[in-house]
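Novice: Got a predicted structure here, sequence first:
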Amino acid sequence: MWLVILFSLLLRLAAAQPRYLNDKTKEFVVNGSGLPFVDFDIGESYAGYLPNTPAGISSLYFWFFPSSDPEASDEITVWLNGGPGCSSLAGIMLENGPFLWQPGTYRPVRNPYAWNKLTNIVYIDQPAGTGFSLGPSTVVSEFDVARQFISFWRRFINTFDLHNRKIYLTGESYAGQYIPYIASQMLDKKNDTYFRVAGIQINDPYINDLTVLQDVPALAAVNEHPSLFPFNDTFMADITAHADDCGYTSLLDDALTFPPESSFPSVPYNSSCAVYSAIINASTALNPCFNPYHITDSCPIPWNAVGGPIVGLGPTNYFNRSDVQKAINAYPTDYFVCKKGIFKTADGLDTSPPSSLGPLPRVIEQTNNTIIAHGLLDFALLSKGSLISIQNMTWNGQQGFEQEPVEPLFVPYGSSGGGVMGTAHTERGLTFSEVFLSGHEIPEYAPSVAYRQLGFLLGRIANLSVA
């Protein structure tokens, strides 16, 4: 018996030893018991800055959380928030980090669905100028974003001796642009020492023109949720006529055919066809607290410890505190969770094609492990817009899905619910899932679903539709 007890103690001691602490990494150590307001130990982590030169002229901020899962020993997962210009630390605090400070709550709490329980994960503020990452930003395209990320990434891999690891790139919203372009450039290097991309996941992603992601599917979403969009008959008739006259209704019907019959024409923006903005304006008139990122929200809007647009109310901007910045090795910064002007172009817009019209199909082909997930309560970017984009893509020799995505997305019962929580469909290396009760940020609104999908991406789960 005493041998069993001794062995157990030795295992605990081994687990407690920092696995990545050495002379190269000691300057990045974060005291897991020293974060302001967090009254528990968040575990081993490392944060700080590494240059993005020569592709850039500055440095990127990262926060790295090693995993205790033995199956994670040969992998590293990246999380990127979107924007463009939104800090990935929002993902830590609100979505999938080891501690959460959720909107309207008094204190941070442990996250039972922290992604570092499954995988080694690093959160990166990029491009330069985002979050804690030092400016100035010099990017005008996703090609610039990817080049600067790769320059940073080589240093990150060398610093923490993560060579030859499988790399999983994950994120949400505008990361639907960032990630396919970064993954594509990594794969083009054909260098497994630094760039062994094994899969990507993009949630509620920006992968096409906003006309496709918003205007075309907007009326269908309104019709699916009449209690959340209680418009009068006159307004409904008006937006229905606009959707019909502008070709949105027929395009949606044609696009959501399985298999698709042909490629779809481009849908240029037309101000007279602004169905989406009309719905937003009408919704805000009916519900002053209407939140397109989670359409069931109503007044009052809960304050948010991270701050920022839409949900950025309340007295606290946690990462703007000097004691917090010191604790996580950030330079003294006037921190904003989202910043404008990241792309240095005349109109402030990204000059690259949407990823579904650019590198995304190639990344699917080269990894055969890509997930596009979407919350059905998200009206900022609409699920049917993602599905239209998929049906217009050609990868692994065929266009779109052959079968309609209707298989159940099953999650084992746990602290945040379980059972069938959406749909999940896989063809030719691409999985598309819809999450019934989630808004734009799936790990925040449906953490058990996000955790399960991560397990699928990492190869821990063979099928999302069965127990």
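Specialist: That came through fine. Fair warning: this is a prediction, and the values are worked out from it, not measured in the lab.

Novice: what does the strand or helix carrying Ala373 rub up against?
Specialist: Assigned by DSSP states H and E, Ala373 belongs to strand 370-375. Strand 370-375 is contacted from outside by 199-205, 207, 294, 360, 363-364, 381, 383, 386, 390, 429-435, 438-442, 445-446, 450, 453, 456-457, using Cβ atoms under 8 Å, 6 or more residues apart in numbering. Quick note: C-beta positions are derived from backbone N, CA and C, even for glycine.

Novice: Give me the subset of these lying in strands.
Specialist: Among those, DSSP state E puts 199-203, 430-435 in strands.

Novice: Just the buried residues of the residues you listed.
Specialist: Neighbour counting with 16 or more other Cβ atoms under 10 Å marks 199-203, 430-435 as buried within the ones in strands among the contacts of strand 370-375.

Novice: Tabulate the residues you listed (a markdown table), appending pLDDT.
Specialist: Below are these laid out as a markdown table (pLDDT from 0 to 100):
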| residue | pLDDT |
| --- | --- |
| Gly199 | 98 |
| Ile200 | 98 |
| Gln201 | 98 |
| Ile202 | 98 |
| Asn203 | 97 |
| Leu430 | 98 |
| Thr431 | 98 |
| Phe432 | 98 |
| Ser433 | 97 |
| Glu434 | 97 |
| Val435 | 97 |
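
Novice: Check these against Gly91 and report the nearest one.
Specialist: Asn203 (10.4 Å; Cβ to Cβ).

Novice: nearest residue to that closest one other than its sequence neighbours?
Specialist: Glu172 (4.0 Å; Cβ to Cβ, 6 or more residues apart in numbering).

Novice: Let me know how buried the one you found is, in neighbour terms.
Specialist: 33 (other Cβ atoms under 10 Å).

Novice: Let me have the buried ones among the ones in strands among the contacts of strand 370-375 in JSON lines, extended by distance to Asn120.
Specialist: Formatted as JSON lines, those follow (distance: Cβ to Cβ, whole Å):
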{"residue": "Gly199", "distance to Asn120": "15"}
{"residue": "Ile200", "distance to Asn120": "16"}
{"residue": "Gln201", "distance to Asn120": "16"}
{"residue": "Ile202", "distance to Asn120": "20"}
{"residue": "Asn203", "distance to Asn120": "20"}
{"residue": "Leu430", "distance to Asn120": "25"}
{"residue": "Thr431", "distance to Asn120": "22"}
{"residue": "Phe432", "distance to Asn120": "27"}
{"residue": "Ser433", "distance to Asn120": "24"}
{"residue": "Glu434", "distance to Asn120": "29"}
{"residue": "Val435", "distance to Asn120": "25"}
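
Novice: and the gap between the residue nearest to Asn203 and Asp378?
Specialist: Distance from Glu172 to Asp378, counting by Cβ to Cβ, to the nearest Å: 10 Å.

Novice: Common neighbours of these two, please.
Specialist: Contact criterion Cβ under 8 Å, 6+ apart; residues shared by Glu172 and Asp378: 204, 440.

Novice: Can you spell out which helices and strands pack onto the longest strand anywhere in the chain?
Specialist: Across the chain, the longest stretch assigned as strand under DSSP E is strand 417-427. Helices and strands touching strand 417-427, by 3 or more Cβ pairs under 8 Å, 6 or more residues apart in numbering; DSSP states H and E, are strand 408-414, strand 430-435, helix 447-457.

Novice: The first one pairs with which strands, parallel or anti?
Specialist: Note on strand 408-414: by DSSP bridges, its sheet partners are strand 417-427 (antiparallel).

Novice: List the buried residues in the strand it pairs with.
Specialist: Judged by neighbour count (16+ other Cβ under 10 Å), strand 417-427 contains these buried residues: 421-427.

Novice: what about Ser266, how many neighbours?
Specialist: So Ser266, with other Cβ under 10 Å, has 9 neighbours.

Novice: what about the closest residue to it other than its chain neighbours, distance to Asp254?
Specialist: Closest residue to Ser266 apart from its sequence neighbours, by Cβ to Cβ, 6+ apart: Asp209 at 7.8 Å. Distance, Asp209 to Asp254, by Cβ to Cβ: 17 Å.

Novice: element containing Ala285, please.
Specialist: Assigned by DSSP H and E, Ala285 belongs to helix 275-286.

Novice: what's next to that helix, contact-wise?
Specialist: Contacts for helix 275-286 (Cβ under 8 Å, 6+ apart): 210, 214-215, 218-219, 222, 229-231, 235, 238-239, 242-243, 246, 248, 290, 292, 379.

Novice: Could you list which of these belong to strands?
Specialist: Among the contacts of helix 275-286, no member falls in strands (DSSP E).

Novice: Buried among those? Need that as a selection in ChimeraX.
Specialist: Buried subset of these, written as a ChimeraX selection, criterion 16+ other Cβ under 10 Å:
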select :214,215,218,219,222,229,231,239,242,243,246,248,290,292,379
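
Novice: for Gly43, what are its contacts?
Specialist: For Gly43, the contact set (Cβ under 8 Å, 6+ apart) comprises 32, 65-66, 68, 98, 116.

Novice: for Leu89, that is, sorry about that
Specialist: Leu89 neighbours (Cβ under 8 Å, 6+ apart): 63, 123, 125, 131-132, 306, 319, 337.

Novice: least confident pick among these?
Specialist: In terms of pLDDT, the lowest of the contacts of Leu89 is Val306, showing 83.

Novice: burial count for that one?
Specialist: Quick note: Val306 (other Cβ under 10 Å) scores 25 neighbours.

Novice: cool, Asn281 as well?
Specialist: Counted by other Cβ under 10 Å, the residues lying close to Asn281 total 11.

Novice: And for Lys26?
Specialist: 11.

Novice: low pLDDT regions in the stretch 301-450 of the chain?
Specialist: 308-316, 415-416 (pLDDT under 70).

Novice: Helices along that one, start to end?
Specialist: Ranges of helices within the stretch 301-450 of the chain are 322-327, 360-367, 383-391, 442-445, 447-457, based on DSSP state H, counting those that start in this stretch.
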